[in-house]
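Novice: this one's sequence-less:
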DNA sequence: GCTATAAATGCTCAATGTGAGCATATGTGG
DNA sequence: CCACATATGCTCACATTGAGCATTTATAGC
């Protein structure tokens, strides 16, 4: 899964008229899997891939043909690139990832799709459970995962949301054909488990931008603070508080001014910034804290 | 890599006299890789595995025999279990993971090993770099990763620390035979890349306990707060502030009293607690925060 | 019973971080 | 000169976190 941001929209490279993620067999070259994969992707897209990480390895029974003796091993990756470059070899196109997960975008709609359509459907599914315990468990999962009943919305739960919809038979990929057939929930399906992989990548990326400066892999060399904010908003699907966003940037020392200004947007010109690459060396970007003590 | 905690020590299941992690080819059974792996491990150890997650998939060129046309795919997992159970089939033993990474344990020594031996060695290696830029970069990495020069110690960087020692030729596994041969740094080596996998698992687990209640997978059914704290201290290799540790537990609503007391340790008897399993349903345990806004 | 020892518990405080909002400044296009 | 669209500065209440002081309640040994 290769991601980029353009026009404030997070995008993903797709093939097969948007129904598949790019994939291919790995060559038996000399180098590591990661580096040959990088070369492969860069040939396809004409653009360097700044950041790459493994998502997950599936090694389940052969899913394509009837052969049950072999396992097919699929190793999925998440890659970030700076621009939505053109593909050379086949018809690859960049699509907004909200085309596949419209409910993940809370920037404008504020979750009307979720409250009006998705949650009611899921509640119906929850009621269908045979015993009370399962009903309660489903109801709770719906609340937690879709931010209902007092629970806060959590952008990083995109995979859990997709899985819940899948279990409830509300996406066309699910074998259980239920109400989905009649009036499917908005959001285009993909072939095989590709939409699931996409949901995994979205979750991973949304989690990652909080503690690692990977957002800059998606930005042009120089950018304004608003552009940066809108990129983050695009990825997380939520609007951010502008002043606080800037304050946290200042504190972290991640960026520096270029000295130039941009006046492309019409309003007051904004200063241009660039990412301080050195910061990656200066700091160890990792998680949160435990209640430490110097001594006991 | 299968981890457990006993006697306040985090332990890992090893075979081959402590020189290897348990591994094996995956069967071509009917079920998913994860579930057949779980069964396999449970047969080996006689204990249920509470939690399992994928660590990393290596698909590099065949590393064992001279065959260059095939890739060997190794999928490493991290599993957590409650007790150090006996193995049935072969001589598997539980060893403290600090046997392999003594520098990761700051509970008593307070890092003397690092400051007296490891950092000086690494500084020597840094000076050997051919150009100034590489020298500076190495010096910075040492500081950041081992918490020198004003940088705080970060327990989650165990993999980076091992990799740095590897690059510097200070571990026997490294092909570059340098000063390591003469007087190796404390810490037992393992075969192949098993110590690297172990370092990955340590890092992952140390990161995970901060935002997911996985610690309870390693605890007995009921426990005192001190036992819990010492388990966390064991994993993270650092001492914690007792009152604050308890305060954060109270806030999070993770545990509940059993009503019983334990008086095994000699001091004032402690209340026994158990993990509130329900909490996993009630909450979505994920990372930290972005500066959100209701509206712009 | 008295005392040393080992923990468990209760509480306070300063420093920092976070969410929200008010007010003002500085450009462009018409 | 005005409407607009942003950029920027600043404040404030509240929550979180790191640290430390003071008590309380048990066991073990004399």
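Specialist: On my side now, so go ahead. What you are looking at is a predicted structure, and each value in this text was computed from that prediction instead of being measured.

Novice: Against residue A:246, how distant is the residue of chain A found nearest DNA strand C?
Specialist: Going by C-beta to the nearest atom of the strand, DNA strand C is nearest to residue A:268 of chain A, at 2.8 Å. Where C-beta positions appear, they are placed from N, C-alpha and C, glycine not excepted. Distance of residue A:268 to residue A:246, given as C-beta to C-beta, to the nearest Å: 14 Å.

Novice: More neighbours: these two, which one.
Specialist: Between residue A:268 and residue A:246, residue A:246 has the larger neighbour count (other C-beta atoms under 10 Å in any protein chain shown), namely 16 against 7.

Novice: Chain A against DNA strand C: which residues are in contact?
Specialist: For chain A, the residues in contact with DNA strand C (C-beta under 7 Å from any atom of the strand) are A:241, A:243, A:244, A:247, A:248, A:251, A:263, A:266, A:267, A:268, A:269.

Novice: How about the helix or strand hosting the fourth one and DNA strand D, any contact?
Specialist: Residue A:247 is part of helix A:242-252 when elements are defined by DSSP states H and E. Yes: Helix A:242-252 comes into contact with DNA strand D (C-beta under 7 Å from any atom of the strand), by way of A:242, A:243, A:246, A:247.

Novice: Following element in sequence after that helix, please.
Specialist: Following helix A:242-252 toward the C-terminus (DSSP H and E): strand A:255-262.

Novice: could you give me the average pLDDT of that following strand?
Specialist: Across strand A:255-262, pLDDT averages out at 86.

Novice: next one: stretch A:147-154
Specialist: Here stretch A:147-154 scores 90 as its mean pLDDT.

Novice: so how far is it off the chain centroid?
Specialist: 20 Å (C-alpha atoms, centre = their mean, to the nearest Å).

Novice: That stretch vs chain B: in contact?
Specialist: Yes: shown here: stretch A:147-154 in contact with chain B (C-beta under 8 Å from any C-beta of the partner chain) through A:151, A:154.

Novice: how near is residue A:118 to chain B?
Specialist: Separation of residue A:118 from chain B (C-beta to the nearest C-beta, to the nearest Å) stands at 17 Å.

Novice: what do you get for residue A:196?
Specialist: 14 Å.

Novice: OK, contacts around that residue?
Specialist: Residue A:196 makes contacts with A:159, A:162, A:163, A:166, A:173, as judged by C-beta atoms under 8 Å, 6 or more residues apart in numbering or on different chains.

Novice: same check, this time on residue A:51
Specialist: A:79, A:80, A:214, A:217.

Novice: Mind picking the one among the residues of helix A:242-252 next to DNA strand D that's closest to residue A:39?
Specialist: Using C-beta to C-beta, residue A:246 comes nearest to residue A:39 of the residues of helix A:242-252 next to DNA strand D, at 38.1 Å.

Novice: I'd guessed that closest one sits against residue A:225; true?
Specialist: Yes: Residue A:246 is in contact with residue A:225 according to C-beta atoms under 8 Å; the separation is 5.8 Å.

Novice: so what sits against both of the two?
Specialist: Joint contacts of residue A:246 and residue A:225 (C-beta under 8 Å, 6+ apart) do not exist.

Novice: Can you tell me how far the nearest residue to residue A:162 once chain neighbours are set aside is from residue B:11?
Specialist: Of all residues not flanking residue A:162 in the chain, residue A:199 sits nearest, at 4.0 Å (C-beta to C-beta, 6 or more residues apart in numbering or on different chains). According to C-beta to C-beta, residue A:199 and residue B:11 sit 36 Å apart.

Novice: Of those two, give the one with the bigger neighbour count.
Specialist: Using other C-beta under 10 Å as the criterion, residue A:199 and residue B:11 rank with residue A:199 on top: 25 against 22.

Novice: show me the contacts for that one.
Specialist: By C-beta under 8 Å, 6+ apart, the residues touching residue A:199 are A:101, A:158, A:159, A:161, A:162, A:163.

Novice: ok, back up a step: lowest-confidence member of the residues of chain A next to DNA strand C, which is it?
Specialist: Lowest pLDDT among the residues of chain A next to DNA strand C: residue A:263, 67.

Novice: so residue A:225 sits right up against residue A:247, yeah?
Specialist: No: between residue A:225 and residue A:247 there is no contact under C-beta under 8 Å: 11.0 Å.

Novice: circling back to that earlier point, by neighbour count, which of the residues of chain A next to DNA strand C wins?
Specialist: Busiest of the residues of chain A next to DNA strand C [other C-beta under 10 Å] is residue A:241, holding 17 neighbours.
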